[in-house]
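Novice: Based on what follows, work out the 3D shape:
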Amino acid sequence: MKMFVVTLLMLSAVVSGCNQAPKNGAAPSQTADANRQVQVKQTAPQKKEIQDPRAVAHRLEQIAVSVPNVESANCVVFGNTAVVGINVPPAMDRAKVGTIKLSVAEALKKDPYGVDALVTADMDLNQRLWNIRQQAMNGRPINGFAEEMAAIIGRIVPQMPRDVNPLQSHPPAQR
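Specialist: Numbering: from 1, shown residues only. Just a heads-up that it's a prediction; the model follows:
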């Protein structure tokens, strides 16, 4: 009986070893499919070169305002990049604000100028975008942009304790 079990195990090992599986372990049907290439057409809108920043900014603001619960929008275009700030009702909870921001991004994605726009619902950043936009309308686009970017970076950069120099009220004593 013992000899019969050993012979049966050896026979099953030999039979299973004769399976013609590819060396990488994939099933034979998968290797035939892997040799075929799949070509996909690009369906996302391509970003267009921005020739008139004011017109593009106005257009993207109108798209953002068309989304429900967006009270107003401010857009600043610099180079080929657009930043859109949105105002939502102040009592709205954070999860709903995120949903609205996503809805604005989806609406802008359908526009060739808005496909790569940055969307923010942060009140402070939106106010700063408004300030930049007003400066640009008043004929000071570079100065307004530089001032607001300095203020934004000043808020982002942390104050490191080792960088703080203590005020010296008295000159060091001389011996």
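
Novice: which residues of this structure score low on pLDDT?
Specialist: Judged against pLDDT under 70, the low-scoring parts of the chain cover residues 1-35, 40-47, 153, 156-164, 166-175.

Novice: quick one: the helices in it?
Specialist: Listed from the start of the chain, the chain has helices (DSSP state H) covering 2-17, 28-34, 53-65, 94-109, 123-137, 141-156.

Novice: Output stretch 145-153 as CSV, restricted to C-alpha atoms.
Specialist: Output of stretch 145-153 as CSV, limited to C-alpha atoms (Å, rounded to 0.1, in the frame of the first residue of the first chain):
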residue,chain,number,x,y,z
PHE,A,145,1.9,89.9,-8.7
ALA,A,146,5.3,90.3,-7.0
GLU,A,147,3.8,91.9,-3.9
GLU,A,148,1.2,89.2,-3.5
MET,A,149,3.6,86.4,-4.2
ALA,A,150,5.9,87.8,-1.5
ALA,A,151,3.0,87.8,1.0
ILE,A,152,2.0,84.2,0.0
ILE,A,153,5.6,82.9,0.4
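
Novice: Buried residues of that stretch, list them for me.
Specialist: 145, 148 (16 or more other C-beta atoms under 10 Å). In short, each C-beta sits where N, CA and C put it, glycine included.

Novice: Same question for stretch 50-61.
Specialist: Buried residues in stretch 50-61, counted by 16+ other C-beta under 10 Å: 50, 53, 56, 57, 59, 60, 61.

Novice: Do I have it right that residue 119 meets residue 108?
Specialist: Yes. With the criterion set as C-beta atoms under 8 Å, residue 119 and residue 108 qualify as a contacting pair; they are 6.8 Å apart.

Novice: Overlap of the contact sets of the two?
Specialist: Between them, residue 119 and residue 108 share the neighbouring residues 64, 84, with contact defined by C-beta atoms under 8 Å, 6 or more residues apart in numbering.

Novice: tell me which of the buried residues of stretch 50-61 is nearest to residue 137?
Specialist: For the buried residues of stretch 50-61, the closest approach to residue 137 (C-beta to C-beta) belongs to residue 57, at 10.0 Å.

Novice: ok, that closest one to residue 98 distance?
Specialist: Separation of residue 57 from residue 98 (C-beta to C-beta, to the nearest Å): 24 Å.

Novice: can you tell me which residues contact residue 105?
Specialist: With contacts taken as C-beta under 8 Å, 6+ apart, residue 105 has the following neighbours: 117, 119.

Novice: can you check residue 61 too?
Specialist: Applying C-beta under 8 Å, 6+ apart, one finds that residue 61 lies in contact with 73, 74, 75, 84.
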